[in-house]
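> Provide a 3D model corresponding to the input given below.
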Amino acid sequence: MKKMLLATAAGVLAAHAASAMDVGEVKIGIILGLTGPIESLTPQMASGAELALAETSDSGLLLNGATVTAIRGDSTCIDAAAAVSAAEQQITGDGVHAIVGGDCSGVTGAILQNVALPNGVVMISPSATSPGLSHVNNEDNGLFFRTAPSDARQGVVMTEVLMEQGIDEVAVTYTNNDYGKGLADSFQMAFEAAGGKVTINAAHEDGKADYSAEVGALASAGGERLVVAGYVDQGGSGIIRAALDTGAFDTFHLPDGMISEALTANFGSEIDGSTGQHPGTDSEGASMFHELVGGAFDASSPFTAESYDAAALIVLAMQAAGSADSADFKHKVMDVANAPGEQIFPGELAKALQILADGGEIDYVGASAVELIGPGESAGNYRQIVVAGGEVTTVKYR
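Residues are numbered from 1 along each chain as shown. Just a heads-up that it's a prediction; the model follows:
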């Protein structure tokens, strides 16, 4: 009888393991600002995430042959209610197992607190950089991660770039939300600690037709360069246009939300000499990502590599856990992202899935030299740029 009971228990466990593995279809939500102030960035980001999911699905190796379906949702970047609605539809309507997103920091926090956390769904953001999101990890039940570094790090990098150019006095304007204020404050703290002077640190609202008043205040305060911590498809470009038209400033320092093809389309050589940075790396994985993408989309666009990596980490964590249930695989995200294990690069997801299926370990390096630290966020690498001849060109990587 004892042997029969043990055999029955073993059979139940085996059946449970099989049901966890044989999910048939894995649905991944991709929630990005497909409309709104960074809409020139998000098509590349979505394509990056979808590339990793298609690579996984084509391999036939995820959870005993599950197919992977990507479902897009629009966060708008700035409308928390719209972002929460998109997430609710994906989780309760479409039945997604995890989310790549959000993108902008405010809507990401809203999705996490109002939808992902109550429903126990993992989120990995490729671009939400507010330092404030570092603290949610103490209250997120281990569900939130990000492949882009915190703006606490970007503020230091901005300082280094400007100081190396001999610029020690700047004016700062920022979009009036979690991203803009968090970055502006982080930068001011780092810049002043390094001996620099911020003449003014002032918010601007997106969606205005005229920014002459804001630029007038910035010009009155003075500075060798204007730091624009805004959005290229919104008020950030409005500030630059008003500054150029009035002669208030002719060079700018541009963080990640300002760098895309739209920047040079809007201003071309008018802003030659302007500088900036966004998350990026010249690692082996970055080169492999560019080769993998080919000409399908712009692999160098900000946060595109991080989007590929966010999607890849989700499916690899699922494989490591043997389950598409967030409650199971959330514990594996840090494991697959970091050493020990065999290093995995873009285009090698099939290899990684097989190693994990065989009980081995991986160290996912990916397209952005992934290394998750502390509460599940990126250690951070940056591409330093300068606008020359009307084009965004790479100076170096940090």
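> need the contact list for residue 194.
159, 163 (C-beta atoms under 8 Å, 6 or more residues apart in numbering). (Glycine included, C-beta is placed from N, CA and C.)
> least trustworthy helix or strand in this structure by mean pLDDT?
In the chain, no helix or strand scores lower on mean pLDDT, DSSP states H and E than helix 2-21, which sits at a mean of 35.
> quick one: strands adjacent to the strand or helix carrying residue 226?
Residue 226 is part of strand 225-229 when elements are defined by DSSP states H and E. Applying DSSP bridges to the sheet, strand 225-229 is found paired with strand 169-175 (parallel), strand 252-254 (parallel).
> Give the next helix or strand downstream of that strand.
Counting by DSSP H and E, what follows strand 225-229 is helix 235-246.
> Over to residue 273: give its phi and psi.
Phi and psi for residue 273, reported as degrees, to the nearest 10, are phi 90, psi -10.
> didn't it look like it was pressed against residue 390?
No: counting by C-beta atoms under 8 Å, residue 273 does not reach residue 390; the two are 11.4 Å apart.
> Now do the contacts for residue 178.
Contacts of residue 178 by C-beta under 8 Å, 6+ apart are 104-106, 109, 130, 132.
> quick check, nearest of the residues you listed to residue 140?
The closest of these to residue 140 turns out to be residue 109 (C-beta to C-beta; 10.1 Å).
> The closest one - how many residues pack around it?
If you count neighbours by other C-beta atoms under 10 Å, residue 109 ends up with 21.
> Could you tell me the end-to-end distance of stretch 343-357?
16 Å (C-alpha to C-alpha, to the nearest Å).
> Domain map for this structure?
Listed by automatic domain parsing, the domain ranges of the chain are 24-151+283-378, 152-281+381-397.
> any chance of these in CSV, plus mean pLDDT?
Formatted as CSV, the domains of the chain follow (pLDDT from 0 to 100):
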stretch, mean pLDDT
domain 24-151+283-378, 96
domain 152-281+381-397, 97
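> Residue 250 and residue 226 touch, don't they?
No: contact between residue 250 and residue 226 fails when scored by C-beta under 8 Å: they sit 9.2 Å apart.
> between the two, who's got more neighbours?
Neighbour tally, residue 250 and residue 226, criterion other C-beta under 10 Å: the higher count belongs to residue 226, 26 against 15.
> Pretty sure the more buried one sits against residue 243.
Yes: Residue 226 lies in contact with residue 243 (C-beta under 8 Å); the separation is 6.1 Å.
> Check the contact lists of these two and give me the overlap.
Listed as contacting both residue 226 and residue 243 by C-beta under 8 Å, 6+ apart are 218, 249, 252.
> any idea how far the last one is from residue 88?
The one in question is residue 252. Computed with C-beta to C-beta, to the nearest Å, the distance linking residue 252 and residue 88 is 38 Å.
> of the two, who's got more company?
residue 252 (25 against 16).
> Now do the contacts for that one.
225-228, 240, 243, 271, 274-276.
> now the closest residue to it other than its chain neighbours: how far from residue 194?
Leaving aside its sequence neighbours, residue 252 sits nearest to residue 274 (C-beta to C-beta, 6 or more residues apart in numbering; 4.4 Å). Using C-beta to C-beta, we find residue 274 at a distance of 20 Å from residue 194.
> Which residues are in contact with residue 101?
Contacts of residue 101 were listed using C-beta under 8 Å, 6+ apart, and they are 29-32, 73, 75, 108, 111, 123, 125-126.
> Which of the residues you listed fall within helices?
108, 111 (DSSP state H).
> highest average neighbour count across the domains of the chain?
Ranked by mean neighbour count, the domains of the chain are led by domain 24-151+283-378 with a mean of 22 (mean count of other C-beta atoms under 10 Å).
> Okay, now that domain: how far is its last residue from its first?
Domain 24-151+283-378 end-to-end distance (C-alpha to C-alpha) = 31 Å.
> what's the answer for stretch 144-160, then?
Stretch 144-160: ends 30 Å apart by C-alpha to C-alpha.
> Can you name the residues that contact residue 190?
By C-beta under 8 Å, 6+ apart, residue 190 lies in contact with 155-156, 158-159.
> if I look at it, how far off is residue 135?
For residue 190, the distance to residue 135 - C-beta to C-beta - is 19 Å.
> Next: residue 309.
Residue 309 is 23 Å from residue 135, by C-beta to C-beta.
> Could you let me know which of the contacts of residue 101 ends up closest to residue 181?
So of the contacts of residue 101, ranked by how close each gets to residue 181 (C-beta to C-beta), first place is residue 108, at 15.0 Å.
> Verify the stated contact: the closest one with residue 129.
No: Residue 108 lies out of contact with residue 129 (C-beta under 8 Å); the separation is 9.5 Å.
> tell me the helices in the stretch 151-300 of the chain, going along the chain?
Using DSSP state H, counting those that start in this stretch, the helices assigned to the stretch 151-300 of the chain run over residues 151-164, 178-193, 212-221, 235-246, 261-267, 284-293.
> ditto for the stretch 1-150 of the chain
Assigned helices in the stretch 1-150 of the chain, in chain order: 2-21, 42-59, 80-88, 105-111, 117-119 (criterion: DSSP H, counting those that start in this stretch).
> who touches both of residue 250 and residue 226?
Contact criterion C-beta under 8 Å, 6+ apart; residues bridging residue 250 and residue 226 by contacting each: residue 243.
> Same list (the strands paired with strand 225-229) but as JSON lines, adding distance to residue 206.
Formatted as JSON lines, these follow (distance: least, C-beta to C-beta, whole Å):
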{"stretch": "strand 169-175", "distance to residue 206": "6"}
{"stretch": "strand 252-254", "distance to residue 206": "16"}
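> Residue 313 is in contact with residue 332, correct?
No: the pair residue 332 / residue 313 is not scored as a contact, 9.3 Å apart, by C-beta under 8 Å.
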